[in-house]
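A.B. asks: Could you work out the structure for the sequence below:
(4 chains)
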There are 2 protein chains.
Amino acid sequence: MVSDTRRKLLDGAIASLRDNGIAGVSARVIAAAAGVNQALIFYHFGSVSELIDAACREAAAGQVAAYRPRFEAVSSLRELLVLGQELHARQREAGNVAVLAQVLAGAPYDSRLAGAARSALLLWAGEIESTLQRLLDGTPVAEVADVVALARVVTAAFIGIELYEGADPDSAAAAFAALGQLSVLVEVFDELGPVARRAVRSRIRRARGSARPRRSAPA
Amino acid sequence: MVSDTRRKLLDGAIASLRDNGIAGVSARVIAAAAGVNQALIFYHFGSVSELIDAACREAAAGQVAAYRPRFEAVSSLRELLVLGQELHARQREAGNVAVLAQVLAGAPYDSRLAGAARSALLLWAGEIESTLQRLLDGTPVAEVADVVALARVVTAAFIGIELYEGADPDSAAAAFAALGQLSVLVEVFDELGPVARRAVRSRIRRARGSARPRRSAPA
DNA sequence: GTCTATAGAGGGATAGAC
DNA sequence: GTCTATCCCTCTATAGAC
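C.D. replies: Residues are numbered from 1 along each chain as shown, chains lettered A, B, ... in the order given. The predicted structure is shown next:
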């Protein structure tokens, strides 16, 4: 059972990150958002970075768990996209993806943040990965695409769009629309069935000669 | 002609953003990197945000101009990807994409940074857009994809991968590999020619009924 | 245009009373 | 566990000498 103050601080950290950005968070800002004394951050978590680390891990785990049934209900790429758009829209209220983007921006300069970011990315990418695995299994696309890696591009693109949104909301909307178009393309491709499969196989044979071989799924 | 001090400050701002992140830059840090007195930032630019704004716009314009011939020489999606990977690798030295990611992270909380980020994104996305336009013109993919929007997803994905790299370098490499696989898919698709075209057209007709209509290119 | 010095706010972190 | 008070540092920005 997490004590009341710890709870408030974890929530306050996420709220501050969302409202002030990684450049605007501080012990005082977080404590004010949490409604507790500033010194308690150091008593309970040791430092601001450690608090953010804990808050980010917890929030990501909770969010991913909450969306798991939704991911499991998805039965096509376009449904996955719709889920992504909903997730993006909900960010206005909860802001968890925006928070992740902020932590990610700070990661290269703070090892605690890096750990938190890695943990959150793994959770989200894992969820996307198992969904893609299920959707693409046995399709021609699966022959050419490494699903693990694909899940990571999708995750990266999602975060990129989130950041894009902060600077240029209209363009971000257009980017989402384009993702939808790409998913249509993949679906059409899969509907081509054997024709596509043959073309893919012959292309891969050709590519093997000149390009580096396709990597197997990393750990 | 940009004065010597202004020049040093513009360079120092980019270097500091790259080395310290948006959360770690300050007038003192930038002045130290530039090797000039801290007070000169305010004399020449008015504020730290305004300096970053100017530096970011200038750097983006310079980088895009420098890469323009390379973009123009690209003749396939996979070549475009190779160019992207090279650009990504060069970031270890110049760090301009990482800088853009940092500015982007700060954009929602600072209108100056937002302007700088918008400007840089427009430049990069524009370059990618005209390249894609050239590569995809007349292909089946062009029938389903809005090139303007597509360029923005690619830009967003690129930035997302850059951030991903800061937290989890191995995964970022995997993400790049997946982009390569997607470009193979698109190429195979285009090689299918009339078959793909017919499938796309019929799919679009079906989609028009249930989904919202495809948007025309925004301004 | 460049410097020193400094005002005044806010930062992380700790000591010690309760 | 929580509080106040505080140390000492860094921050932006400006004033004023040169």
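A.B. asks: ok, which stretches of chain A are helices?
C.D. replies: Per DSSP state H, chain A carries helices over the ranges A:4-20, A:27-34, A:39-45, A:48-73, A:77-90, A:96-106, A:111-136, A:140-144, A:147-167, A:169-191, A:194-210.
A.B. asks: Send me the fifth one as PDB with only the CA atoms.
C.D. replies: Translated: helix A:77-90. Output in PDB follows, covering the C-alpha atoms of helix A:77-90 (Å, rounded to 0.1, in the frame of the first residue of the first chain):
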ATOM      1  CA  LEU A  77      -4.600  -2.300 -38.800                       C
ATOM      2  CA  ARG A  78      -7.100   0.400 -39.200                       C
ATOM      3  CA  GLU A  79      -8.700  -0.400 -35.900                       C
ATOM      4  CA  LEU A  80      -5.300  -0.200 -34.400                       C
ATOM      5  CA  LEU A  81      -4.900   3.200 -35.900                       C
ATOM      6  CA  VAL A  82      -8.300   4.300 -34.500                       C
ATOM      7  CA  LEU A  83      -7.200   3.100 -31.100                       C
ATOM      8  CA  GLY A  84      -4.000   5.100 -31.500                       C
ATOM      9  CA  GLN A  85      -6.000   8.200 -32.400                       C
ATOM     10  CA  GLU A  86      -8.200   7.800 -29.400                       C
ATOM     11  CA  LEU A  87      -5.200   7.400 -27.200                       C
ATOM     12  CA  HIS A  88      -3.800  10.500 -28.700                       C
ATOM     13  CA  ALA A  89      -7.000  12.400 -28.100                       C
ATOM     14  CA  ARG A  90      -7.200  11.200 -24.500                       C
END
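A.B. asks: neighbouring contacts of it?
C.D. replies: A:67, A:70-71, A:74, A:97, A:128, A:131-132, A:135, A:158, A:161-162, A:165, A:176, A:179-180, A:183-184, A:186-187 (CB atoms under 8 Å, 6 or more residues apart in numbering or on different chains). Where C-beta positions appear, they are placed from N, C-alpha and C, glycine not excepted.
A.B. asks: Over to the third one?
C.D. replies: Helix A:39-45 is contacted by residues A:3, A:5-6, A:9, A:27, A:30-31, A:47-48, A:51, A:54 when judged by CB under 8 Å, 6+ apart.
A.B. asks: tally of neighbours for A:Ser202?
C.D. replies: Applying other CB atoms under 10 Å in any protein chain shown, we find 12 residues neighbouring A:Ser202.
A.B. asks: Enumerate the residues of chain A near DNA strand D.
C.D. replies: Contacts of chain A with DNA strand D, taken as CB under 7 Å from any atom of the strand, map to A:3-5, A:36-40, A:43-44.
A.B. asks: before we move on, the earlier item: by neighbours, which of the contacts of helix A:39-45 wins?
C.D. replies: Among those, the one with the most neighbours (other CB under 10 Å) is A:Ile30, at 28 neighbours.
A.B. asks: for A:Asp110, phi and psi?
C.D. replies: phi -150, psi 110 (degrees, to the nearest 10).
A.B. asks: Which residue, other than its chain neighbours, is closest to it?
C.D. replies: Nearest residue to A:Asp110, sequence neighbours excluded (CB to CB, 6 or more residues apart in numbering or on different chains): A:Ser49, at 5.6 Å.
A.B. asks: Could you check the angle the helix or strand of chain A with the lowest mean pLDDT makes with helix B:169-191?
C.D. replies: Least confident helix or strand of chain A, by mean pLDDT, DSSP states H and E, is helix A:194-210 with a mean of 72. Orientation note: helix A:194-210 sits at an angle of 120 degrees relative to helix B:169-191 (axes from the mean of the first three to the mean of the last three CA atoms, to 10 degrees).
A.B. asks: Could you check how far helix A:194-210 is from the centre of its chain?
C.D. replies: Here helix A:194-210 shows a centroid-to-chain-centroid distance of 31 Å under the convention CA atoms, centre = their mean, to the nearest Å.
A.B. asks: mind listing what's buried in it?
C.D. replies: Neighbour-count burial for helix A:194-210 flags A:196-197, A:199-200, A:203-204, A:207 (criterion: 16 or more other CB atoms under 10 Å in any protein chain shown).
A.B. asks: related to what we said a few turns ago, now pLDDT too, for the contacts of helix A:39-45, in TSV please.
C.D. replies: Compiled in TSV, those are given as follows (pLDDT from 0 to 100):
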residue	pLDDT
A:Ser3	84
A:Thr5	97
A:Arg6	98
A:Leu9	98
A:Ala27	98
A:Ile30	98
A:Ala31	98
A:Ser47	98
A:Val48	98
A:Leu51	98
A:Ala54	98
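A.B. asks: With distance to B:Thr139 added, can I get these in a markdown table?
C.D. replies: Shown next, in a markdown table, are the contacts of helix A:39-45 (distance: CB to CB, whole Å):
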| residue | distance to B:Thr139 |
| --- | --- |
| A:Ser3 | 60 |
| A:Thr5 | 60 |
| A:Arg6 | 56 |
| A:Leu9 | 54 |
| A:Ala27 | 55 |
| A:Ile30 | 51 |
| A:Ala31 | 57 |
| A:Ser47 | 54 |
| A:Val48 | 51 |
| A:Leu51 | 51 |
| A:Ala54 | 49 |
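A.B. asks: Nearest to A:Gly62 among those residues?
C.D. replies: Set against A:Gly62, the nearest of the contacts of helix A:39-45 by CB to CB is A:Ala54 (12.4 Å).
A.B. asks: Wait, that closest one touches A:Asp11, no?
C.D. replies: No: if you go by CB atoms under 8 Å, A:Ala54 and A:Asp11 don't touch, sitting 11.5 Å apart.
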